[in-house]
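Student: Need the 3D shape of this:
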Amino acid sequence: MADAKQTDAWNHTAAVLAMLANTHRNPKKTRPFKPSDFHPGMRRTRPKEPIPKVDISILKTVFVK
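Tutor: Okay, the predicted model is just below:
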């Protein structure tokens, strides 16, 4: 219950901060801010880089008898 109240308070604060930051930003230089930019509990998603495929046959010779 306490976590929900804290999350709700941060949702409100993040929305106010995003609105305030958007009123003072230069639209030609920066993108619009979102509340998630200011919310410490929300995860920021990064684009996932593809995992490179490598040949691991050398490991078989080392670890498998």
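Student: C-alpha from now on. contacts and neighbour counts both.
Tutor: Noted.
Student: which ones are touching Met19?
Tutor: Under the criterion of C-alpha atoms under 8 Å, 6 or more residues apart in numbering, the contact list for Met19 reads Phe33.
Student: what's the spacing between the longest helix seen in the chain and its chain's center?
Tutor: Using DSSP state H, we find that the single longest helix of the chain is helix 2-23. Going by C-alpha atoms, centre = their mean, to the nearest Å, the spacing between the C-alpha centre of helix 2-23 and its chain's C-alpha centre is 16 Å.
Student: State the mean pLDDT of that helix.
Tutor: The average of the pLDDT scores along helix 2-23 is 94.
Student: Can you spell out which helices and strands pack onto the helix or strand following it?
Tutor: For helix 2-23, the following helix or strand on the C-terminal side (DSSP states H and E) is helix 57-63. Counting contacts by 3 or more C-alpha pairs under 8 Å, 6 or more residues apart in numbering; DSSP states H and E, helix 57-63 is packed against no other helix or strand.
Student: Contact partners for Ala2?
Tutor: The neighbours of Ala2, taking C-alpha under 8 Å, 6+ apart as the test, come to nothing; the list is empty.
Student: what does Pro32 give?
Tutor: Pro32 makes contact with 22, 25, according to C-alpha under 8 Å, 6+ apart.
Student: re the thing from before, check which residues of the longest helix of the chain are buried.
Tutor: Buried residues in helix 2-23, counted by 16 or more other C-alpha atoms under 10 Å: 7, 10-11, 14-15, 17-18, 22.
Student: Done for today, thanks.
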